[in-house]
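J.: Can you look at this prediction? I've put the sequence above it.
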Amino acid sequence: MKDVLNYQAVKEMIDITSNLYRLGWDERNGGNISYLLEENEVLQYVDAAKVLRNIPMIFNGEELIGKYFLVTGSGKFFKNVAADPETNLGIIRVAGDGESVDLLWGYKGGGVPTSELPAHFMSHIARLEVDSENRVVMHCHATHLLAMSFTHDLTPKVFTRTLWEMCTECLVVFPEGVGILPWLTPGTNEIGEATAEMMKVFRIVLWPFHGIYGAGKTMDETFGLIETAEKAAEVYTYVCAQGGVKQRITDENFRALAKQFGVVPNKDFF
């Protein structure tokens with residue numbers, strides 16, 4: 001077996017978690033990431049027959065049976081991932097019963113996957129139905145988006161339009177817009193189901209007063225999705241501080257932008 005620490009997926013996870021902590025979006029043990037791995041790649045680094053532990057889940061993920069994931073650990077601080085990946089990360093496989101996962105590497109010292117694992121797995125199932133290449137689900141507490149949830153109208157159309165108007169690239173990066181949930185208790189099947197339903201339309205979902213869920217094909221794409229929305233929210237904060245919007249990008253401008261970059265914006269948001 002090759003050294004797990006040389007696995008590109010693990011290296012990417014270390015880089016992204018370090019960046020998220022550096023940006024202040026994942027304080028303490030806030031935030032979590034799950035990465036659907038390619039079987040032919042992961043089996044070069046772990047022995048599928050060597051199960052370290054079986055860990056129960058609080059929902060049935062039968063659609064994911066046999067799939068491998070790299071997942072951040074419950075209660076683990078992102079700032080510690082780079083120094084000790086084996087304690088703070090784990091490679092798991094959804095077991096044949098669909099109601100537990102087999103630990104193949106990591107969570108040293110008795111750790112378990114993030115408590116948000118149900119929400120992650122439900123979102124993976126939803127996104128794979130839309131795009132079979134979507135492999136990453138990322139949750140963080142992006143500062144300005146979180147702040148906006150206290151002061152801004154929380155209907156998806158109005159919230160999305162504000163973000164689109166703050167940075168020209170936003171419509172190109174998330175043309176479908178931003179989904180928004182009511183406040184729900186984290187770590188429950190209820191919030192997982194609601195997020196997954198939103199993920200059938202949106203790749204980025206706001207949990208008001210809490211944070212953001214994003215999905216994408218790669219770590220970079222998913223991070224960049226959240227990063228772009230967060231930058232727009234930061235600009236919005238400055239605009240409000242400077243006295244509010246006096247001019248804006250128009251529907252006509254947006255349509256020209258969409259045509260130029262070959263994207264199809266959410267027609268309900270015009």
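T.: The structure has been received and is ready for your questions. Numbers count the residues shown, from 1 in each chain.
J.: show me what contacts Thr72?
T.: 13, 17, 31-34, 78, 81, 88-89, 113-114 (C-beta atoms under 8 Å, 6 or more residues apart in numbering). Bear in mind the C-beta positions are built from the backbone N, C-alpha and C, glycine included.
J.: Name the nearest residue to Trp207, sequence neighbours excluded.
T.: The shortest distance from Trp207 to any non-neighbouring residue, by C-beta to C-beta, 6 or more residues apart in numbering, is to Leu181 (5.7 Å).
J.: repeat for Leu163
T.: Nearest residue to Leu163 in three dimensions, chain neighbours excluded: Ala232, at 4.1 Å (C-beta to C-beta, 6+ apart).
J.: And that neighbour, how close does it get to Val201?
T.: Remark: distance between Ala232 and Val201 (C-beta to C-beta, to the nearest Å) = 19 Å.
J.: And for Asn134?
T.: 13 Å.
J.: One more: Thr237?
T.: Thr237 is 27 Å from Val201, by C-beta to C-beta.
J.: same check, this time on Ile33
T.: 22 Å.
J.: Would you state the helices of this protein in chain order?
T.: Listed in chain order, the helices of the chain (DSSP state H) span 8-22, 39-42, 85-88, 117-130, 143-151, 156-166, 169-173, 189-199, 219-241, 251-261.
J.: which other helices and strands contact the fifth one?
T.: Contacts defined by 3 or more C-beta pairs under 8 Å, 6 or more residues apart in numbering; DSSP states H and E place helix 143-151 against strand 211-216, helix 219-241.
J.: Could you do the third one as well?
T.: Under the contact criterion of 3+ C-beta pairs under 8 Å, 6+ apart, the helices and strands touching helix 85-88 comprise helix 8-22, strand 100-106.
J.: how many other residues sit next to Asn54?
T.: 12 (other C-beta atoms under 10 Å).
J.: now swap in Phe269 and tell me
T.: Number of residues near Phe269 (other C-beta under 10 Å) recorded here: 19.
J.: How about it: what's its closest non-neighbour residue?
T.: Per C-beta to C-beta, 6+ apart, closest to Phe269 is Lys157, 4.9 Å.
J.: So the one you found versus Val51, what's the distance?
T.: Lys157 is 47 Å from Val51, by C-beta to C-beta.
J.: do His141 as well
T.: 33 Å.
J.: more crowded one of these two?
T.: The neighbour count for His141 versus Val51, taken as other C-beta under 10 Å, is higher for His141 (18 against 14).
J.: on that earlier part again, ok, Asn134 and Val201, which is more surrounded?
T.: Asn134 (22 against 15).
J.: hang on, the more buried one packs against Lys217?
T.: Yes: if you go by C-beta atoms under 8 Å, Asn134 and Lys217 touch, sitting 5.8 Å apart.
J.: tally of neighbours for the nearest residue to Thr114 once chain neighbours are set aside?
T.: Nearest non-adjacent residue to Thr114, counting by C-beta to C-beta, 6+ apart: Asn32, 3.7 Å away. Neighbour count for Asn32, taken as other C-beta under 10 Å: 25.
J.: so what's Asn32 up against?
T.: Contacts here follow C-beta under 8 Å, 6+ apart; on that basis Asn32 touches 71-72, 114, 116, 120, 139.
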